[in-house]
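Peer 1: sequence plus predicted model, see below.
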Number of protein chains: 2
Amino acid sequence: MSNASYLVEDEKVDYDPQILLRKAHAATSSIGSATVIVAMLEKNGTLKIANVGDCGLRVLRKGQVVFSTSPQEHSFDCPYQLSSEVVGQTYQDAMVCSVQLMEGDTIVMGSDGLFDNVFDNEIVSTISRFRDASEGAKALAELASNHSKDINFDSPYSLEARSRGFDVPLWKKVVGMKLTGGKLDDITVIVGHVVST
Amino acid sequence: MSNASYLVEDEKVDYDPQILLRKAHAATSSIGSATVIVAMLEKNGTLKIANVGDCGLRVLRKGQVVFSTSPQEHSFDCPYQLSSEVVGQTYQDAMVCSVQLMEGDTIVMGSDGLFDNVFDNEIVSTISRFRDASEGAKALAELASNHSKDINFDSPYSLEARSRGFDVPLWKKVVGMKLTGGKLDDITVIVGHVVST
C-alpha cells in the first residue's frame, strides 16, 4: 500500500488503478501475500477502483449504500491475493470498475476485518453520527473490533458461513443453537467525504 | 425500455447511459412510474451502467458474482422511480458506474422480482447449468416465479424485511415462527455472455 501511495503520481500509471496495482506489486519486496484495493478519484468525480480479494469499498449517498464492490475468492475464507511468490493472483485478476460520485457522497474503504464484522446498515448509521471523516473511520474500526470479539453477535461473517453450510454440530442445532460470532482479523478503515474544490 | 432500445444508437446519447435514460424518459408518454436500469457494452469491454431504483445487474466470473449494483430506495419497498408525473426521480438521480468485463463473463440483469426472490449463489448455480444465455434467463425467471409464490421460502426479500424490523406478531415468534416467503412481483431477466468478436 505504501508503494501504491508512492506510485500514484507516476506518469506511467496514468490514472489507471490496475496499472497502479501492477507497479506497486512489482515494487514490493516483503514476503507474504495480501488482498488489496486501490481507488483514485478524478477531478470530474469519477472514482476508479481496482481490487483483488476481499477488501471492499462502499459509496454512501443520502443515507444509503448506493455502490458496493464484491469480494473475489477461491472458496469460503480463501480470498484472491497478491503474493511475493509466483503462486497467487496478479493485477490482471483485479476487478476494475468506476463509479460517478457526487458532492456529499462518503467513501468507506476497508479490509475484510471491517466488512466481515459490520453490516452495511451499521456503516451507514455510524458514519451519519460523525461529520469528521477520521472520527467516522475510528468509530467503524472500533465497532468492527468489538463485534470481532463478540461470540454471540450474528455477524456478516457468521451469516455467510451458515449460508455456505458451516454451522454448529447437529446436537446443538437441535436445541436451537447456531453458529454466531464475529471474525478476529486485522481491521483497516478509510473514510473520505466528497467535496467540491 | 423500448425508447431506450430505440435511442441507444442516437448520436446525442454518445454512449452515455445517463443521457440515454434522460432521452428515453423524455420520450415516454405512458402514465405511471418505473424503476429502470440500462447497460451499454463498449468494444473495449467496458460495461457502462445507469440505474434508478431497485432493478439490478450482476457480473459472474469464474463461478462467482464479482460485480453487483446496489438498489436505491426512499424506504423499504419504496424504490427510486422515473415517473410520468413531476414527482419522482430524474436521470440525475441515476447511479452511474462502469465495470471492465472479460471474455467468459456473464451479465445478469433483472427487475427486483428477480433479486427479491433469488439469492446470488442461486443465480450462479442456475447460470452454470446452461450454455445458452436465453435458457439461463428463462430458468432464472422460473426460479424467481416459483420462489415468489412459496410462503415458506426464506427469500432475499423476507431476510431484508426482518433486518428492517418487519416480522410476524410476537405470539408467533414465541413459538419459533418468523416472517418468510417470496415476493409476488413482475419479473424481468436478461442474460448475456461476453465473447470476443
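Peer 2: Here it is on my side, so go on. Numbering: from 1, shown residues only, chains lettered A, B, ... in the order given.
Peer 1: now the helices for chain A?
Peer 2: All helices of chain A, identified by DSSP state H, fall at A:2-7, A:17-26, A:112-115, A:120-128, A:133-148, A:156-163, A:170-174.
Peer 1: tell me which of the ones you listed is the most buried.
Peer 2: helix A:112-115 (a mean of 26; mean count of other C-beta atoms under 10 Å in any protein chain shown). For glycine as for every other residue, the C-beta is placed from the backbone atoms N, C-alpha and C.
Peer 1: any idea how far it is from the chain center?
Peer 2: Chain-centre distance of helix A:112-115: 6 Å, with C-alpha atoms, centre = their mean, to the nearest Å.
Peer 1: what mean pLDDT does that helix get?
Peer 2: What helix A:112-115 shows for mean pLDDT is 97.
Peer 1: what about that helix, near chain B?
Peer 2: No. Contact of helix A:112-115 with chain B (C-beta under 8 Å from any C-beta of the partner chain) is absent, the minimum separation being 13.6 Å.
Peer 1: so what's the residue nearest to the spatial centre of chain A bridging to?
Peer 2: Chain A has A:G56 as the residue nearest its centroid, 2.3 Å off, counting by C-alpha atoms, centre = their mean. Beta bridges link A:G56 to A:G110, judged by DSSP bridges.
Peer 1: verify the stated contact: it with A:P71.
Peer 2: Yes. At 6.6 Å, A:G56 and A:P71 qualify as touching, with contact defined as C-beta atoms under 8 Å.
Peer 1: between the two, which contacts overlap?
Peer 2: With contacts taken as C-beta atoms under 8 Å, 6 or more residues apart in numbering or on different chains, A:G56 and A:P71 have A:D112, A:F115 as neighbours in common.
Peer 1: still on that earlier bit, for the residue nearest to the centre of chain A, what are its contacts?
Peer 2: Shown in contact with A:G56 (C-beta under 8 Å, 6+ apart): A:I37, A:S68, A:T69, A:P71, A:M109, A:G110, A:D112, A:L114, A:F115.
Peer 1: contacting residues around the last one?
Peer 2: In other words, A:F115. Contacts of A:F115 (C-beta under 8 Å, 6+ apart): A:D54, A:G56, A:P71, A:P156.
Peer 1: go again with 10 Å.
Peer 2: Residues in contact with A:F115 (C-beta atoms under 10 Å, 6 or more residues apart in numbering or on different chains) are A:54-58, A:68-69, A:71, A:108, A:123, A:144, A:155-157, A:183, A:187, A:189.
Peer 1: same check, this time on the second one
Peer 2: Counting by C-beta under 10 Å, 6+ apart, A:S68 touches A:G56, A:L57, A:R58, A:V59, A:V99, A:V108, A:F115, A:D120, B:F67, B:S68, B:T69, B:S70.
Peer 1: wait, which of those residues is closest to A:A137?
Peer 2: Distance ranking of the contacts of A:S68 against A:A137, using C-beta to C-beta, places A:V108 first at 8.0 Å.
Peer 1: grab the nearest non-local neighbour of that closest one.
Peer 2: Once flanking residues are discounted, A:V108 sits nearest to A:R58: 4.6 Å by C-beta to C-beta, 6 or more residues apart in numbering or on different chains.
Peer 1: who does A:T46 form a beta bridge with?
Peer 2: Here A:T46 shows beta-bridge partners A:Q100, assigned using DSSP bridges.
Peer 1: I'd like to know how many residues surround it.
Peer 2: Residues lying near A:T46 (other C-beta atoms under 10 Å in any protein chain shown) number 16.
Peer 1: what do you get for A:G45?
Peer 2: Neighbours of A:G45 using other C-beta under 10 Å come to 15.
Peer 1: so who does the residue nearest to it when sequence neighbours are not counted touch?
Peer 2: Leaving out its chain neighbours, the residue that sits closest to A:G45 by C-beta to C-beta, 6+ apart is A:L101, at 4.8 Å. By C-beta under 10 Å, 6+ apart, the contact set of A:L101 is A:41-42, A:44-47, A:59, A:61, A:66-67, A:107, A:192, A:194, B:96-97.
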